[in-house]
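**Q** show me how the following folds:
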Amino acid sequence: MRFKRSQRIQELLLEEISKLLQSGLKDPRIGFTTLTRVEVSDNLKHAKVFVSVMGTERRKIRYFGSVEKRKRIYKKLFRQKPLFKIFA
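**A** A predicted model of the protein is given here:
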């Protein structure tokens, strides 16, 4: 069975974003977060990252607020990875 390129990229993104969350980000608000899946458009221009956050409703709201505020920083860190420079 042949896989679409976007499926391979989805798997790679999931792995790399997980590594970035585990080691590259020093944000205490992240807490216990699990990436559940990544969806990439067929033309590879857009990606949706799905996460699961453990904790109270207040902690979840704080987490997503933190992510929204620091979105540019996260994108910059991610684009610095040699593999993904081709997508930037």
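**Q** so where is the chain shaky, pLDDT-wise?
**A** 1-3, 24-31, 82-88 (pLDDT under 70).
**Q** would you map the helices across it?
**A** 5-19, 57-69, 71-79 (DSSP state H).
**Q** most tightly surrounded among these?
**A** A comparison of these by mean neighbour count, using mean count of other Cβ atoms under 10 Å, puts helix 5-19 on top with a mean of 15. (Each C-beta comes from the backbone N, C-alpha and C, glycine too.)
**Q** which other helices and strands contact that helix?
**A** strand 33-40, strand 47-53 (3 or more Cβ pairs under 8 Å, 6 or more residues apart in numbering; DSSP states H and E).
**Q** can you tell me what sits against it?
**A** With contact meaning Cβ atoms under 8 Å, 6 or more residues apart in numbering, helix 5-19 is reached by 35, 37-42, 44, 47, 49, 78, 81, 83-84.
**Q** returning to that earlier point: output the helices and strands packed on helix 5-19 as CSV; include the columns distance to Tyr63.
**A** Below are the helices and strands packed on helix 5-19 laid out as CSV (distance: least, Cβ to Cβ, whole Å):
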stretch, distance to Tyr63
strand 33-40, 7
strand 47-53, 5
